[in-house]
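Engineer: Predicted structure and sequence below. I'll ask about it afterward.
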Protein chains: 2
Amino acid sequence: MKKARVKAVPARTRGKRGPRPRNSVTLKMVAREAGVSASTASRIINRTVNVSEELRLAVEAAIAKFGFRPNAAARGLALGKTETIGVISQAMASPFYGEGLRGIESRLLRGGYAPLFMSGNWQEKEEVRCMEELITRGVDGIIMFTGCMNDVALKAYARKVPIVVTGRTLRARRLVSMQVDDQYGAMLAMRHLLDLGHRRIAFVTGFENHPDANERLVGYRNALAAAGIPYDPRLVVAGDFHEEGGMQAVYQLMDSNIGFTAMFCVNDETAYGAGLALFRKGMRVPEDISVVGFDDLPASTYRVPPLTSVRQSVQQLGECAAEAMLQLLAGRRPLIVLPPVELVVRESTGRAAG
Amino acid sequence: MKKARVKAVPARTRGKRGPRPRNSVTLKMVAREAGVSASTASRIINRTVNVSEELRLAVEAAIAKFGFRPNAAARGLALGKTETIGVISQAMASPFYGEGLRGIESRLLRGGYAPLFMSGNWQEKEEVRCMEELITRGVDGIIMFTGCMNDVALKAYARKVPIVVTGRTLRARRLVSMQVDDQYGAMLAMRHLLDLGHRRIAFVTGFENHPDANERLVGYRNALAAAGIPYDPRLVVAGDFHEEGGMQAVYQLMDSNIGFTAMFCVNDETAYGAGLALFRKGMRVPEDISVVGFDDLPASTYRVPPLTSVRQSVQQLGECAAEAMLQLLAGRRPLIVLPPVELVVRESTGRAAG
DNA sequence: CCGGCTTTTGCAACCGGTTTCAGGAATGCT
DNA sequence: AGCATTCCTGAAACCGGTTGCAAAAGCCGG
């Protein structure tokens, strides 16, 4: 019969495999060296069942001799998982994300997983591209370290792959969200300024409708209300979460001649820009104007003057996200407590002038 | 015969596959939907041979209908490559590396590859771990964005996988190295300070024996020599490439009462620290002391005052490294020209005081 | 010394693609 | 029309692991 013939003379058993420069050591080679079958070798490596001591030693010796490392692609294919977690953040280069990524990496590695980072650059379309790419690559889960993709789309993806997302609150199966307490942080900052006697406090916000910015704005307003100070919308100006936005905000505030003695910035980078603009305008920090940031980036310690800021350890946030992902993958419902936000008082704030 | 029986009733054709929640669309499903064989579908997807228009359309329709995306692990296994480049850097969180990683990512993605980042944290042992991990994962190449692993070990790895390394000069097969012109950059910085009339210029270096630091020191000495100023070793103090080192260096310089009117720092982060320490000591920048950095990190534009620095676009360096890797993989001997270093004069430098 | 029970081990199927090989259809040439 | 080419397509081998099943081996009491 046809089949029999084919079986008898396998078509390509001896044929050279064209453009495939395989140079690596395979499990079969190890097994042959140790005088066992590939299955046994595999079982020894993964400790799936008991194997006689004798064979175990033989296989281990062979592994050491060849420096064998199992091929991840083959393993992934057979197991249906890759021990890899996709991480989507917005911008690698930013100190904020860098910190978080570092936290994610360290926790993930300890858990035996490797992170695969991709940047969305604040564009929903790019985030979708990243998602697709990561899913294609068969990652076991995806951590979205804040993103602008809408909730519905994100939930849809959660049906294909476990997801941990920071910076928003959202409930779904196989999806964990975690958000720092922005309102409370903003209130801490404001209370500090109010305690120092400031009454005219500006707030430099971020992009329109960015959830973090909005939450912090709510905290700002609540703090004012609690102190019995009326809310003046002219003191709230838009920024872009970066230095440039902070600078423009200061220029705008000064040009419109609205008096203020302190500024609360939506994040540290904005505060850096504000600091420079104030310097250009000849204002001293904190003698003339006090400045408070949010995030407490490592660089803030070394600003001139060192910046007072609301600390949310971004690195810890990253670690928590990774931890949540590990628990999710282990089939547990993650129970994560975020590190509390706290105010770090440095030298950019002082008593209100006059 | 035994074999015949097994063939007739395949052992596990109907058995459920235990812990394998496969949910993805496979090539076979697409092929069946389109009424062709898997081989044909594969050929259409990869454009490996001509296929009749009719079938092509049918397959494309099926792909669209199911939202099929080929499984990367299977592809990697069959092809012997993963379209993934491992990237080893030292610290994700650092602004310097963040910039470079961003450059690498953007170039790699345009070339159809994805980066797999891992951090070595300045420890040779960790770098080795990263290397092994990346090789296990079957990356097609590795970019080492500066590292402390010794040349010999690196060359050895180059025999297993193509490597691009920055921050050192090294020749080997399947290995490309690229290094910015540190000496020249340092000379630019020094010439600027000398032109402003400075004669007592301190140099804050990095870790002992770090090649970048040494090269920049050479530039420093050459510039002094060219200006006919004797080299005073007391003006050279060690740092750590970070803010803390810059601060300590200033304290050390001031405490030892060596007069100086300008400082050249081995990198921007060091300069930031120096700036803060000078501020604490009541010295004004640039009125009392001029400060120059190296790298021109984005944050330097927004320091108070904005920092004069030697620009080496780290992002472009990253892009170049990625470009070199792509060429290496394409089988070409990469010919890469690094962007030139240049001095960016801002407000941290001024004429030498009295 | 033998049957029943518990390991230990190997065979071969399988993961989801790619690619070789060969068969069949279509086309070219004499 | 007849035979050699060329083109298109599908069957099956293969990449390098994991694993269900069953045969083989080891252990036991009777």
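Structural biologist: It's in. Residues are numbered from 1 along each chain as shown, chains lettered A, B, ... in the order given.
Engineer: What is the host helix or strand of residue A:40 packed up against?
Structural biologist: For residue A:40, the element it lies in under DSSP states H and E is helix A:38-46. Contacts defined by 3 or more CB pairs under 8 Å, 6 or more residues apart in numbering or on different chains; DSSP states H and E place helix A:38-46 against helix A:27-34, helix A:53-66. Quick note: C-beta positions are derived from backbone N, CA and C, even for glycine.
Engineer: if you compare these, which one is most tucked away?
Structural biologist: Among these, helix A:27-34 has the highest mean neighbour count (mean count of other CB atoms under 10 Å in any protein chain shown), at a mean of 18.
Engineer: Nearest to residue B:260, out of the helices and strands packed on helix A:38-46?
Structural biologist: helix A:53-66 (56.9 Å; CB to CB).
Engineer: touching DNA strand C at all, that closest one?
Structural biologist: Yes: counting by CB under 7 Å from any atom of the strand, DNA strand C has neighbours in helix A:53-66: A:54, A:55.
Engineer: Next secondary structure element downstream of that helix?
Structural biologist: Heading C-terminal from helix A:53-66, the first helix or strand you meet, by DSSP H and E, is helix A:72-79.
Engineer: How far does that following helix sit from its chain's centre?
Structural biologist: 27 Å (CA atoms, centre = their mean, to the nearest Å).
Engineer: Go through it and flag the buried ones.
Structural biologist: A:72, A:73, A:74, A:75, A:76, A:77 (16 or more other CB atoms under 10 Å in any protein chain shown).
Engineer: what does stretch A:226-245 give?
Structural biologist: Under the neighbour-count criterion of 16+ other CB under 10 Å, stretch A:226-245 has A:229, A:235, A:236, A:237, A:239, A:240, A:241, A:242, A:243, A:244, A:245 buried.
Engineer: ok, now stretch A:112-127?
Structural biologist: A:113, A:114, A:115, A:116, A:117, A:118, A:119, A:120, A:121, A:126, A:127.
Engineer: which residues are contacting the helix or strand hosting residue A:189?
Structural biologist: Here residue A:189, judged by DSSP H and E, is contained in helix A:182-195. The contact list for helix A:182-195 (CB atoms under 8 Å, 6 or more residues apart in numbering or on different chains) reads A:201, A:212, A:215-220, A:222-224, A:227, A:229, A:262, A:264, A:290, A:292, A:294, A:308, A:310, A:312, A:341-343, A:345, A:349.
Engineer: Inside strands: which ones of the buried residues of stretch A:226-245?
Structural biologist: Mapping the buried residues of stretch A:226-245 onto strands (DSSP state E) picks out A:236, A:237.
Engineer: Of the buried residues of stretch A:226-245, just say which sits nearest to DNA strand C.
Structural biologist: Of all the buried residues of stretch A:226-245, DNA strand C sits closest to residue A:241, with 39.7 Å by CB to the nearest atom of the strand.
Engineer: Just confirm the closest one contacts residue A:271, I think it does.
Structural biologist: No: look at residue A:241 against residue A:271 with CB atoms under 8 Å: they stay out of range, at 10.9 Å.
Engineer: now the helices for chain A?
Structural biologist: Secondary structure of chain A by DSSP state H: the helices cover A:2-8, A:27-34, A:38-46, A:53-66, A:72-79, A:95-110, A:124-136, A:151-158, A:182-195, A:211-226, A:243-255, A:268-280, A:314-329.
Engineer: Listing request: residues of chain A with sub-threshold pLDDT.
Structural biologist: The model of chain A has pLDDT under 70 over residues A:1-23, A:354.
Engineer: how far away is the closest residue to chain B within the stretch 151-300 of chain A from residue A:269?
Structural biologist: Going by CB to the nearest CB, chain B is nearest to residue A:243 of the stretch 151-300 of chain A, at 4.2 Å. Distance of residue A:243 to residue A:269, computed by CB to CB, to the nearest Å: 6 Å.
Engineer: With residue A:224 instead?
Structural biologist: Taking CB to CB, one finds residue A:224 at 24 Å from residue A:269.
Engineer: same deal with residue A:225?
Structural biologist: Separation of residue A:225 from residue A:269 (CB to CB): 28 Å.
Engineer: re earlier: adding distance to residue A:188, write the helices and strands packed on helix A:38-46 out as CSV.
Structural biologist: Formatted as CSV, those follow (distance: least, CB to CB, whole Å):
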stretch, distance to residue A:188
helix A:27-34, 57
helix A:53-66, 55
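Engineer: In strands, which of the buried residues of stretch A:112-127 fall?
Structural biologist: Short answer: the buried residues of stretch A:112-127 in strands (DSSP E) are A:114, A:115, A:116, A:117, A:118, A:119.
Engineer: filter these by proximity to chain B?
Structural biologist: Taking CB under 8 Å from any CB of the partner chain, the overlap between these and the neighbourhood of chain B is A:114, A:115, A:116, A:117, A:118, A:119.
Engineer: which of those lies closest to DNA strand C?
Structural biologist: Nearest to DNA strand C out of these is residue A:116 (CB to the nearest atom of the strand; 18.9 Å).
Engineer: Enumerate every residue touching that closest one.
Structural biologist: Counted by CB under 8 Å, 6+ apart, residue A:116 has contacts A:84, A:85, A:86, A:87, A:134, A:137, A:139, B:114, B:116.
Engineer: Tell me what the last one is bridged to.
Structural biologist: Pointing back at residue B:116 there. Taking DSSP bridges, one obtains residue B:86 as the residues bridged to residue B:116.
Engineer: ok, residue A:44 - contacts?
Structural biologist: Neighbour list for residue A:44: A:51, A:55, A:56, A:59, A:60 [criterion: CB under 8 Å, 6+ apart].
Engineer: Stretch A:302-311: how far from the chain's middle?
Structural biologist: Taking the mean of its C-alpha atoms, stretch A:302-311 sits 23 Å from the chain's own mean (CA atoms, centre = their mean).
Engineer: next one: stretch A:145-162
Structural biologist: Relative to its chain's centre, stretch A:145-162 lies at 15 Å (CA atoms, centre = their mean).
Engineer: Can it be said to contact DNA strand C?
Structural biologist: No: Stretch A:145-162 lies out of reach of DNA strand C by CB under 7 Å from any atom of the strand, never closer than 13.5 Å.
Engineer: Give me the nearest residue to the most centrally placed residue in chain A, chain neighbours excluded.
Structural biologist: When CA atoms, centre = their mean is applied to chain A, the residue found nearest the centroid is residue A:145 (3.5 Å). Distances taken as CB to CB, 6 or more residues apart in numbering or on different chains put residue A:89 closest to residue A:145, at 4.1 Å, once the chain neighbours are dropped.
Engineer: Residue A:219 too?
Structural biologist: In space, residue A:219 comes closest to residue A:186 once its chain neighbours are excluded; the distance is 2.6 Å by CB to CB, 6+ apart.
Engineer: burial count for that neighbour?
Structural biologist: With neighbours defined by other CB atoms under 10 Å in any protein chain shown, the count for residue A:186 comes to 27.
Engineer: Next one: it from residue A:215, what distance?
Structural biologist: 7 Å.
Engineer: how about the residue of the stretch 151-300 of chain A found nearest DNA strand D, what does it touch?
Structural biologist: Nearest residue of the stretch 151-300 of chain A to DNA strand D: residue A:162, at 19.3 Å (CB to the nearest atom of the strand). By CB under 8 Å, 6+ apart, the contact list for residue A:162 reads A:140, A:141, A:142, A:174, A:175, A:325, A:328, A:329.
Engineer: Break chain A into its domains for me.
Structural biologist: A:24-70, A:82-180+A:315-329, A:182-311 (automatic domain parsing).
Engineer: Could you work out the end-to-end span of the second one for me?
Structural biologist: Spelled out, it's domain A:82-180+A:315-329. Domain A:82-180+A:315-329 has an end-to-end distance of 12 Å (criterion: CA to CA, to the nearest Å).
Engineer: swap in the longest one?
Structural biologist: Chord length of domain A:182-311, first to last residue, is 11 Å (CA to CA).
Engineer: for that domain, the distance to its chain's centre please.
Structural biologist: The answer for domain A:182-311 is 24 Å, by CA atoms, centre = their mean.
Engineer: Fine by me, thanks again.
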